[in-house]
Structure formats: C-alpha cells, structure tokens
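In: Got a predicted model here, sequence first, then my questions.
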Amino acid sequence: MMAEHDESQQVETVGQPTREGVIAHDEPIRQEGMDWFVLRVASNKENSVQATLLRKIQIENMGHLVGRILVPTEKIKTIKGGKTRIKEEKLYAGYVFVEMRLEDDGRIPQDVFFLIKETTGVGDFIGTAGRPTAMAPHETEKMLRDSQAPADEPTVRLSFQKGEPVVIKEGPFENYEGTVDELFPDKGTVRVLVTIFGRQAPVDLEEWQISKVENA
C-alpha cells in the first residue's frame, strides 16, 4: 500500500471566495413581501454581478425593493502527490439569485429593472419579459441551504463507486486493472483490489492515479 502523506504544511487555497451574500443558518427563507428570482448572467461573471448589484442597491437606497443576492458555492478538495488543493466552485454556474419585491402587476419596479439590466454581465430573469417567475418554496429552500457558508473542512469529492472497474495510471501497478473496494473521501484515496500472481491484493491510491475502464 502507498504510504500516507503528511498534508499539514501542504495546503494550497485557490481563488478568493466571495463572502458577500453568504447567509446565516438562522435567516428566514424569504423577507416579507419579497420572493426569490433567478437571474441569468454571463459565465464566470456571477461574483462580479453579485458584488456590483449589492453595491448599487446600497448606494441607491433600494434595500426595501431588493433584498439578498446570492451565488451558492461549495468547497472542493483535491489531493495529488500528498499536496492538498482547496477551491470554491459555483453550484449554479451562470445564475445569480435575487430577492425582490415586485409591483402589483408582477413587473419589476422600473428603477430596479434598469439598475439590474445596466450591470455588465447581466442577462434576463427566468420568466416572461418584465415579469420574472418566482422560485417555488422547495427550490428556494434548497438554494438557501446551498448558500450557507461552505464547510470549513471539505472532503474530496470522489468520482468513483464501490465495485467499479478501474485501471491504474501511475505507480508500481501501472496499467493493472482492478475493482474499487473502498473510498476514503477524507484522504482523497481509493482502495483498489488488484489481482497479483493469481491473488487479490488491496492497493491504496490517490484518485488521480486511476481512471474508469472504458466500455466497462
């Protein structure tokens, strides 16, 4: 088996996670008189749109019309050669969630409409022109859970399943085929059963050292 690596001094954090708009666990699902809406934005512009809109709302004193603006993320950890790399990924790429108060006829207040539409990277709200469709309660609940502060101790998101056939790409058992026996997300490793001299032997490998068997 491969020796475990000491990761205590080998953690690399990628990017600067945005904390504006991250909600607390005890915040209400919706503020009185407001609903949640989905705004399409340009790819990789989610954080800049969020920050710009939050700033504009504050400057224009529109907090009574626009509430929270969220970009849900999750922390992902990868391990390669014993070095841990942590990054934050968007859960809903290309979308920003906006809490707003609409007019009685279902339209966005004119001042809010132009404030949002004149922001670089903004597309349209999901719905009909000028009348966005409010998110359903179960959609809102899930989005808000996703918008809570990401866990401080993320685990590796392993892409393999127990019993899945794999091939080893690197190391002393390179090109050997085996079967996933156990997953260790906290370490970013996978235990693979490999047949050696007619007998099965467990080998612990980092995820990047194996790949799925094609046409398995």
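Out: Nice, thanks for sending it over.
In: Tell me the predicted confidence for Gly121.
Out: According to the prediction, Gly121 has pLDDT 95.
In: next one: Asp105
Out: 90.
In: which SS class is it?
Out: The local conformation at Asp105, judged by DSSP: H, G, I helix; E, B strand; the rest coil, is coil.
In: which residues does the closest residue to it other than its chain neighbours contact?
Out: Closest residue to Asp105 apart from its sequence neighbours, by C-beta to C-beta, 6 or more residues apart in numbering: Arg131 at 7.9 Å. C-beta here means a position set from N, CA and C on the backbone, and glycine is covered the same way. Residues near Arg131 by C-beta atoms under 8 Å, 6 or more residues apart in numbering: Asp105, Gly106, Arg107, Ile108.
In: Can you give me the neighbour number for the third one?
Out: Same thing as Arg107. Counted with other C-beta atoms under 10 Å, the neighbours of Arg107 add up to 14.
In: Got a PyMOL select line for the buried ones in the contacts of Arg131?
Out: Only the buried entries of the contacts of Arg131 go into this PyMOL selection, using 16 or more other C-beta atoms under 10 Å:
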select buried, resi 108
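In: okay, the contacts of Arg131 in TSV with distance to Ala42 next?
Out: Below are those laid out as TSV (distance: C-beta to C-beta, whole Å):
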residue	distance to Ala42
Asp105	29
Gly106	26
Arg107	24
Ile108	20
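In: returning to what we had before: give the bridge partners for the residue nearest to Asp105, please.
Out: Beta-bridge partners for Arg131, by DSSP bridges, are Thr128.
In: Pretty sure Ala134 sits against Met34.
Out: No: using C-beta atoms under 8 Å, Ala134 is not in contact with Met34; the gap is 9.4 Å.
In: Remind me what the longest helix along the chain packs against, helices and strands.
Out: Looking across the chain with DSSP state H, the single longest helix is helix 46-59. Packing contacts for helix 46-59, counted by 3 or more C-beta pairs under 8 Å, 6 or more residues apart in numbering; DSSP states H and E, involve strand 66-70, strand 95-100, helix 110-117.
In: between the last one and strand 66-70, how many degrees?
Out: If I follow you right, that is helix 110-117. 20 degrees (axes from the mean of the first three to the mean of the last three C-alpha atoms, to 10 degrees).
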